[in-house]
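Student: no sequence on hand, only this structure:
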């Protein structure tokens, strides 16, 4: 069995020098950033709003702890 180390692997794309690899990398980065922004918006929308912390009524505010 012989191994030739001078040939590039068949699974690696040939670099034709036209910038396609760079364009794909830039697009992948942009998509990842957009997904991150959407994830943050989802997390922020699930957080309880500060307006709901206002209490309504008097029930449960005064608790008698004397025995």
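Tutor: Good, I have the coordinates. Since this is a predicted model, take the numbers as computed values, not measurements.

Student: where in the protein is pLDDT low?
Tutor: Counting by pLDDT under 70, the chain contains low-confidence residues at 1-17, 49-60.

Student: helices of that one, residue ranges please.
Tutor: Secondary structure of the chain (DSSP state H): helices located at 20-46.

Student: what's the burial count for residue 29?
Tutor: 10 (other Cβ atoms under 10 Å). C-beta: built from backbone N, CA, C; applies to glycine.

Student: please shift the residue numbers so they start at 162 in all later answers.
Tutor: New numbering, starting at 162: the last item is residue 190.

Student: for residue 200, see how far away it is.
Tutor: Distance from residue 190 to residue 200, counting by Cβ to Cβ, to the nearest Å: 16 Å.

Student: now do residue 185
Tutor: Separation of residue 185 from residue 200 (Cβ to Cβ) stands at 22 Å.

Student: next: residue 181.
Tutor: According to Cβ to Cβ, residue 181 stands 29 Å off from residue 200.

Student: again, but for residue 228
Tutor: If you go by Cβ to Cβ, the gap between residue 228 and residue 200 works out to 51 Å.

Student: more neighbours: which of the two?
Tutor: Neighbours were tallied for residue 228 and for residue 200 using other Cβ under 10 Å; the higher tally belongs to residue 200 (10 against 3).

Student: residue contacts, that one?
Tutor: Residue 200 makes no contacts at all, as judged by Cβ atoms under 8 Å, 6 or more residues apart in numbering.

Student: how many residues are close by residue 191?
Tutor: 10.

Student: contacts only, for residue 187.
Tutor: For residue 187, the contact set (Cβ under 8 Å, 6+ apart) is empty.

Student: at 10 Å what do you get?
Tutor: Residues in contact with residue 187 (Cβ atoms under 10 Å, 6 or more residues apart in numbering) are residue 180.

Student: from residue 206, how far off is it?
Tutor: 29 Å.

Student: if I look at residue 179, how far off is residue 228?
Tutor: To residue 228, residue 179 is 84 Å away according to Cβ to Cβ.

Student: what do you get for residue 187?
Tutor: Distance from residue 187 to residue 228, counting by Cβ to Cβ: 70 Å.
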